[in-house]
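Novice: here you go, sequence then predicted model.
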Amino acid sequence: MQHRRTPPALPADLQERLGRPEDVFGPNWRFLTSSTIAGAGLVLLGVVFCSVWAASVPRGRAPEGPLYLLLGGGLMTCGLAAVVLPRQVPPTWIFVCPRGLVRVRVEDWRVIEWAEVIRFEDAALPAGVQVRQCRLVLAGGGEWGFLANSVADYPRLTEVLRRKVAPTL
């Protein structure tokens with residue numbers, strides 16, 4: 001999947017309805033790059049384990065062969081998942097406008113107005129591995145969530161959302 005590095009243009013009808021974007025937040029390319037590097041390292045390590053096993057077979061010394069194959073296969077599988085899975089999620093662009101918020105994934109444009117937002121929550125979950133996330137709780141019972149790994153400049157996004165939602169409380 002080819003990922004766009006520049007934000008899409010906000011459609012004229014949304015710009016007229018919500019105002020010109022004050023801030024634009026894009027996908028976290030640094031997370032995508034680091035997962036690719038880590039995944040490639042795991043695949044390489046898996047290949048090394050399988051190569052050690054393959055080199056020991058002709059010499060007749062492969063009693064630990066199944067363990068090396070299992071470790072090598074597991075490392076390669078995890079590495080491929082780290083490279084491929086983050087690329088399967090379409091990048092999200094977030095436009096913060098004077099009268100609302102726009103989120104776009106591929107061609108799916110979603111809009112909320114600030115009047116619909118009940119509160120802002122910084123909902124980091126510290127159980128085991130900490131997941132940094134925030135969300136906007138909407139009057140209709142829904143919510144919009146934002147993960148730190150998915151949004152570039154996540155700290156600034158939380159600051160902007162907190163500032164925008166505070167006057168509506």
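Specialist: Sure, I can see it.
Novice: angles on the backbone of the spatially most central residue of the chain, please.
Specialist: Nearest residue to the geometric centre of the chain (C-alpha atoms, centre = their mean): S150, 2.6 Å. S150 has phi and psi values of phi -100, psi -20 when expressed as degrees, to the nearest 10.
Novice: ranges for the strands of this protein?
Specialist: Using DSSP state E, the strands of the chain run over 23-25, 92-97, 100-105, 108-113, 117-122, 133-138, 143-147.
Novice: so which of these is nearest W53?
Specialist: Minimum separation from W53 across the strands of the chain (C-beta to C-beta) falls at strand 143-147, 38.4 Å. Every residue, glycine included, has its C-beta placed from N, CA and C.
Novice: what is the longest helix seen in the chain packed up against?
Specialist: Using DSSP state H to define each element, the chain has its longest helix at helix 29-56. When contacts are defined as 3 or more C-beta pairs under 8 Å, 6 or more residues apart in numbering; DSSP states H and E, helix 29-56 packs onto helix 65-88.
Novice: so what's M1 scoring on pLDDT?
Specialist: pLDDT, M1: 47.
Novice: quickly list the domain ranges of this structure.
Specialist: Per automatic domain parsing, the domain ranges recorded for the chain read 12-27+91-168, 31-88.
Novice: now those in TSV, with mean pLDDT and distance to R5?
Specialist: Compiled in TSV, the domains of the chain are given as follows (pLDDT from 0 to 100; distance: least, C-beta to C-beta, whole Å):
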stretch	mean pLDDT	distance to R5
domain 12-27+91-168	87	8
domain 31-88	86	11
